[in-house]
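A.B. asks: here is the input, now give the coordinates:
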Amino acid sequence: MLRMGGHVDQTDPIAEAQARGATLSQFFLGDPQGWKGPQVAYAGGAAALKADAEAANIALYVHAPYVLNVATTNNRIRIPSRQHLQKQLTAAAQIGAAGLIVHGGHVNAADDPETGFNNWFKAVDGLDIAVPLLIENTAGGTKAIARKLESIDRLWSAIAPSANAERVGFCLDTCHAHAGGEELLGLVQRIPAITGRIDLVHANDSRDAFHSGADRHANFGSGNCDPAGVAEVIRLAGAPVVVETPGGPEGQARDLIWLADQL
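C.D. replies: Predicted structure coming up:
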C-alpha cells in the first residue's frame, strides 16, 4: 500500500500523521530558516521518536532547512551548509528517518553553473550519508541547480563519480515542476531516465501559473496544476507521497483523500 502523509509540526509527528489518517510524516528538525540545530522536539528525544514511530507504523522523513545551499560559490554559505547537512543526516538517522530532503540550491547570477554542480559533487563525496539524501527539484531561479530537467541531468552526471552516489535519490515536487516550466504528464518517465528513480513525491497543487517560477503551494482543486498530470505522477512513480499544502490536518487530510482517489 502506498504510504502517504503530510508535512507537519515537529513536536509530535506520530500524532500528526494519525490526525490525517496517514502513514508517514515529514517535518523539520529545528528552524527551517536558521542555522541552529538540528533539534528533536519529540518528548523523550530521538530514541523515543524512532521507537514510537516504528510501533505506530509511521514512516518519518526530515526536510533540511531552506537556508542550506551547498552549490553556491559563497564560502560563508557553502561551507556551513555542508556542515549542517551532515548534522541533519546524522540526526535523521538517529530517529530512523527514511530520508532527508534538501533543495538543490543555486549559484550567483555571474557564476558558471558548472561550479555549482562541482560543489555538489564535493558535498556528496564528503558526507557520511546514513539515510538516503533526496535532492528536490525547485520552482524558480535562472541559476537554480535543480529546476529544469537539463540541470538535473547535469547534477546527476556531476555526482555520479562519487562513491556515495547511490545514497543520493530524487524528490519530485509537482508544484515546483509546474511552476518551473516542466509538464507533469510524462514527467515520471523523463525523471528516472536521468536520476534512475523517484524516491519521494511532494504532491502539491500550485497557486500560480505554469512556468511562473513561484513556489506557492495550494490545496488540490484550488490551484493551477494539471490534475491529470498530478494523478499520473502519484500513480506511476510508485514512491511515498507527502502533501505540503495549507489547512492543517483537515486541509491536508482532504488532499490525501483526493490523491488516494486518483490511484
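A.B. asks: what segments of this structure are helices?
C.D. replies: Listed in chain order, the helices found in the chain under DSSP state H are 13-19, 45-56, 75-94, 113-126, 149-159, 174-180, 187-190, 192-195, 227-237, 248-262.
A.B. asks: correct me, but residue 135 touches residue 155?
C.D. replies: Yes. Using CB atoms under 8 Å, residue 135 and residue 155 qualify as a contacting pair, with a distance of 7.2 Å. For every residue, glycine as well, the C-beta is placed using N, CA and C.
A.B. asks: can you give me the end-to-end span of stretch 101-119?
C.D. replies: 18 Å (CA to CA, to the nearest Å).
A.B. asks: next one: stretch 3-12
C.D. replies: As for stretch 3-12, its first-to-last residue distance stands at 18 Å under the measure CA to CA.
A.B. asks: likewise stretch 126-144?
C.D. replies: Taking CA to CA, the first and last residues of stretch 126-144 lie 22 Å apart.
A.B. asks: quick one: residues contacting the closest residue to residue 69 other than its chain neighbours.
C.D. replies: Ranked by CB to CB, 6 or more residues apart in numbering and with sequence neighbours excluded, the top spatial neighbour of residue 69 is residue 105, at 3.8 Å. With CB atoms under 8 Å, 6 or more residues apart in numbering as the criterion, the residues that contact residue 105 are 68-72, 81, 116, 120, 144-146.
A.B. asks: find the centremost residue of the chain, please.
C.D. replies: Centroid-nearest residue in the chain: residue 101, 4.0 Å away (criterion: CA atoms, centre = their mean).
A.B. asks: what's opposite that one in the beta bridge?
C.D. replies: When bridges are called by DSSP bridges, residue 101 pairs up with residue 63, residue 134.
A.B. asks: how close does it sit to residue 107?
C.D. replies: Relative to residue 107, residue 101 is positioned 21 Å away (CB to CB, to the nearest Å).
A.B. asks: ok, residue 12 next?
C.D. replies: Residue 12 sits 38 Å away from residue 107 when distances are taken as CB to CB.
A.B. asks: who has more neighbours, the two?
C.D. replies: Between residue 12 and residue 107, counted using other CB atoms under 10 Å, residue 107 has the larger neighbour count: 22 against 18.
A.B. asks: can you pull the contacts of that one?
C.D. replies: Contacts for residue 107 were tallied using CB under 8 Å, 6+ apart; they are 71-73, 113, 115-116, 143, 145.
A.B. asks: again, only this time at 6 Å
C.D. replies: Each residue near residue 107 by CB atoms under 6 Å, 6 or more residues apart in numbering is listed here: 71, 113, 115-116, 143.
A.B. asks: which one of those residues sits closest to residue 47?
C.D. replies: The shortest gap between residue 47 and any of the contacts of residue 107 belongs to residue 71, at 33.9 Å (CB to CB).
A.B. asks: verify the stated contact: that closest one with residue 145.
C.D. replies: Yes. Contact between residue 71 and residue 145 holds when scored by CB atoms under 6 Å: they sit 4.7 Å apart.
A.B. asks: shared neighbours of the two, anything?
C.D. replies: Overlap of the contact sets of residue 71 and residue 145 (by CB under 6 Å, 6+ apart) consists of 105, 116.
A.B. asks: and for residue 90, the neighbour number?
C.D. replies: 15.
A.B. asks: let me fix that: residue 187
C.D. replies: Around residue 187 there are 22 other residues, counting by other CB under 10 Å.
A.B. asks: start the count at 52 instead of 1 going forward.
C.D. replies: Let's use 52 as the start, then, which means that last one is residue 238.
A.B. asks: how close does it sit to residue 314?
C.D. replies: Look at residue 238 and residue 314: by CB to CB, they are 17 Å apart.
A.B. asks: next: residue 207.
C.D. replies: Counting by CB to CB, the separation of residue 207 from residue 314 is 28 Å.
A.B. asks: in terms of neighbours, single out the busier of those two.
C.D. replies: The neighbour count for residue 207 versus residue 314, taken as other CB under 10 Å, is higher for residue 207 (19 against 11).
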